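Q: Pasting the sequence and the predicted model now:
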Amino acid sequence: MLLDGHTDFWDLPDGSGELSDSDLWIATGHGPDVIADIEGRRPLVSAGACVVYGHRDRAQQLLEGSRNVYCEPMLVRNLAELRAAGIEDAAKHAASFLAAQNIDRVWLHLDADCIDDELMPAVDWRLDGGLSPSEVAGLARPLVSSGLVAGMDVTIYNPSLDSDDHAAGRVLLGVVEAILT
């Protein structure tokens, strides 16, 4: 499950030039063999095993002509779609989607930029809006408590961009604690 302010589904020439813009793109078998076909195992992750939630870069992707993540066999919902569906129902939908795909273990990728920019300004690529800490926990906690999540990474928190009182860091730590309890 990808909780991110961006889809990370950018074709390498279309993104900023940073690999972090394209990790989902690469993991699902796109891109140069040296990174997308490690040991001949392309794709590294089946697109049908991916849940992509919370992004706010859809308009930018469509404008800039990148591949449309919505055309992939993934469960993809941007921030507005999650809120329209309801966080609890979106979390249930993710679990049902993964079960229907016979997925028994997932990795939780939590990018700090999925959190509301007012609360989490310490990220490299800022976007207005974002999920509240309780919404992030509400999306991830059911999968974690079910035992479906094999591991988790937290990315793109940049402490050099945090305030002197480390408010953003405390928000992120609070989110992680809420997910894991």
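A: Received, thanks. What you see is a predicted model, and the numbers here were worked out from it, not measured in a lab.

Q: Sketch out the low-pLDDT regions of the protein for me.
A: 13-17, 61-66, 164-165 (pLDDT under 70).

Q: Okay, helices next: where are they in it?
A: Assigned by DSSP state H, the helices in the chain fall at 23-27, 33-36, 58-64, 79-85, 87-100, 133-145, 167-180.

Q: what residues does stretch 26-36 touch?
A: In this structure, residues lying in contact with stretch 26-36 by CB atoms under 8 Å, 6 or more residues apart in numbering are 9, 11-12, 19, 22, 25, 37, 42-47, 50, 67, 72, 74. (Glycine included, C-beta is placed from N, CA and C.)

Q: swap the cut-off to 7 Å and go again
A: Applying CB atoms under 7 Å, 6 or more residues apart in numbering, the external contacts of stretch 26-36 come out as 11, 12, 22, 25, 42, 43, 44, 45, 47, 50.

Q: Most neighbours among those residues, please name it.
A: Most neighbours among the contacts of stretch 26-36, by other CB atoms under 10 Å: residue 50, with 27 neighbours.

Q: For the residue nearest to that one when sequence neighbours are not counted, grab the count of nearby residues.
A: Nearest residue to residue 50, sequence neighbours excluded (CB to CB, 6 or more residues apart in numbering): residue 74, at 4.1 Å. By other CB under 10 Å, the residues close to residue 74 number 23.
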